[in-house]
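Novice: How does the following fold in three dimensions:
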Amino acid sequence: MNCEGEKPDYHKKFEITNKRKKVKIVVAIIVILSIVGAIGSLAYSAGFIPVKDFLDVKEPPGSYVELNAEDFIEEYPEINDMPNLDKIKYKAYGADESVESIAKYYKEKMEKDGYNLLREGTAYLDGKNFQYYGFLKGLTAVGVLLVSGADQEIGHNTMVVYTTGSALDYKEILDWYQNQT
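Specialist: Modelled structure (predicted):
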């Protein structure tokens, strides 16, 4: 029998079933977000996801001084046309070690840190020999540019330019470079 104001049994069962479904959906969403968050945190902690403010520039081995990278950009004004220069983190150094020694150091250091060497080569600009190395780990990319015989310009044997940032930003830089050469 049904008293006025009371809902029939099938309505009560329907409401309970709906409440259970809603609870299950909320729990499922929380579990999924927790898993995605944990995976994202691990990937970020391992260096697979670049966040510009937290990317580290690795100094060269041996004796070195930090150079003003803006002076280097002024010396080679075509660099100003490079896309995404403002999106990557970079520093320049004058080092006393040889190009070969510094290249070996960075290759070993980056491999130890989980990066893969994707590009390696030599370029010439204004009669200078530039060696470059491109490393990738997840979405984080690192570019190292080494210039030998820079004693007269900077007072050190080798100039080192270390850059790091998102691989997607570097893709546009590589496309620009290939169009320049």
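Novice: So in terms of bridging, what pairs with the closest residue to I88 other than its chain neighbours?
Specialist: Computed as C-beta to C-beta, 6 or more residues apart in numbering, the closest residue to I88 that is not its neighbour in sequence is G165, at 3.4 Å. Any C-beta I mention is one placed from the backbone N, CA and C, and that applies to glycine too. On DSSP bridges, the residues paired with G165 through beta bridges are A141.
Novice: State the pLDDT value of G165.
Specialist: Listed pLDDT for G165 reads 87.
Novice: Might one say that it is in contact with P83?
Specialist: No - at 12.0 Å, G165 does not count as touching P83 under the criterion of C-beta atoms under 8 Å.
Novice: neighbour count winner among the two?
Specialist: Remark: of G165 and P83, G165 carries more neighbours, 23 against 12, as counted by other C-beta atoms under 10 Å.
Novice: contacts for the helix or strand containing E100?
Specialist: Secondary structure here is read from DSSP states H and E; on that basis E100 sits in helix 99-112. Among residues not part of helix 99-112, those counted as contacts by C-beta atoms under 8 Å, 6 or more residues apart in numbering are 58, 60-62, 95, 97, 117, 131, 133, 135, 142, 144, 146-148, 158, 160.
Novice: need the contact list for N18.
Specialist: Contacts here follow C-beta under 8 Å, 6+ apart; on that basis N18 touches nothing.
Novice: Let me know the pLDDT of it.
Specialist: In this prediction, N18 carries a pLDDT score of 75.
Novice: Equivalent analysis for K89, please.
Specialist: Note for K89: predicted pLDDT of 88.
Novice: With A46 instead?
Specialist: Per-residue confidence for A46 comes out at a pLDDT of 70.
Novice: wait, it sits on G114?
Specialist: Yes - counting by C-beta under 8 Å, G114 is a contact partner of A46 at 7.2 Å.
Novice: Look up how far G94 lies from the residue most central in space within the chain.
Specialist: The geometric centre of the chain, computed from its C-alpha atoms, lies nearest to T140 (C-alpha atoms, centre = their mean), at 2.7 Å. Applying C-beta to C-beta, to the nearest Å, one obtains 26 Å for the distance of T140 from G94.
Novice: ditto for K171
Specialist: When K171 is compared with G94 (using C-beta to C-beta), they lie 30 Å apart.
Novice: one step back: show me whatever sits in contact with both of A46 and G114.
Specialist: Shared contacts of A46 and G114, counting by C-beta under 8 Å, 6+ apart, come down to nothing at all.
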